[in-house]
Each structure stands twice: as C-alpha cells, then as structure tokens.
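Undergrad: next come a sequence and a model predicted from it.
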Amino acid sequence: MTISVEIKPGSVRERDLTSLENVIGSHPRVGQSPRLVGPNGDATELPAEIYELLVTVVGHLRAGNGVSIIPVHAELTTVEAAEILGVSRPHLIKQLEAGAIAFRKVGSHRRVRLADLLAYRDRQDAEARAALDELARQAEELGLYD
C-alpha cells in the first residue's frame, strides 16, 4: 500500500501553525524524549527523526510552502518525477531512455521509483558541486581570486 500526503500552501490556519510551533518548539526536558499526545491524552514517544521531520514540515508551512510526504518505495508517473526534479517531462523521459534513471513500464506508461529518482538527483548535485569546486580551483590558480 502506498500512502501519499500533501498539504497545500495556505491549507493550515495561522493559529494552527502557531499552536504547532509552540508544541514542537518546546523541547522536551533533559532526559525526556519528544512525545505526541492525542486528543484522548494518550502519549506516544517520538523518535528524534520524526520530531525533526515535524519541525521541518511546520517550518515549510510557515514559509508558505506546500509539503508532500511520499514513501521512498513509491512509484511515480513521469509527470510527478519531472515535477520533483524541477525539469520538463520530455527532459526526464530523455534521461530515462538514456539509462540515467531506472524505470519500468506498465503497459505503455513509465514508472519511476522515488528512491531511484532521489539517487539520480543526488548524483547530479554531487557532479555539479565537483564541477564548481574544479572551476574555483582553476580560478584560484589563474589568480582570479583575491
């Protein structure tokens, strides 16, 4: 079962965001784990990673950004995958057909695992950083930096 949650910008009321910030902003006492307390008063201990995720989500909502939570094993359409990468669908399809990103076909439709898409994005980011580092090194060698 694939679960996807999307919170659109502006869909959470200002006072609710403030309440959430107050709850997650008040760090637990030393030696105490963060907890989620339900409406019936039952408390569930939260792992630090989940706590940090909630802090990040509320921060994005406060900034007016929408938030989507998609399981890493989820399969995406080419439209969804292109949107995540911030590229056009035709560009994404060229990358798929060139073998840069793994995919499978369901009938005539391509499906991309989110994990594969994120791995591709991470490789692209690393290559871009390496290229920038090399340009900076060359500029320094040529005395273009002060």
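TA: Sure, I can see it. Residues are numbered from 1 along each chain as shown.

Undergrad: what about T78, distance to P47?
TA: 34 Å (Cβ to Cβ, to the nearest Å). From N, CA and C alone the C-beta is placed, and that goes for glycine too.

Undergrad: meant to ask about V72, not that
TA: 17 Å.

Undergrad: longest strand of the chain?
TA: strand 109-113 (DSSP state E).

Undergrad: for the strand or helix carrying E49, name the packing helices and strands.
TA: According to DSSP states H and E, E49 maps onto helix 48-62. Packing contacts for helix 48-62, counted by 3 or more Cβ pairs under 8 Å, 6 or more residues apart in numbering; DSSP states H and E, involve helix 14-25, strand 67-69.

Undergrad: ok, and what's touching the helix or strand just after the first one?
TA: Read it as helix 14-25. Counting by DSSP H and E, the next helix or strand C-terminal to helix 14-25 is strand 35-37. Strand 35-37 has contacts (Cβ atoms under 8 Å, 6 or more residues apart in numbering) with P28, A43, T44, E45, L46.

Undergrad: I'm done for today, thanks for sticking with me.
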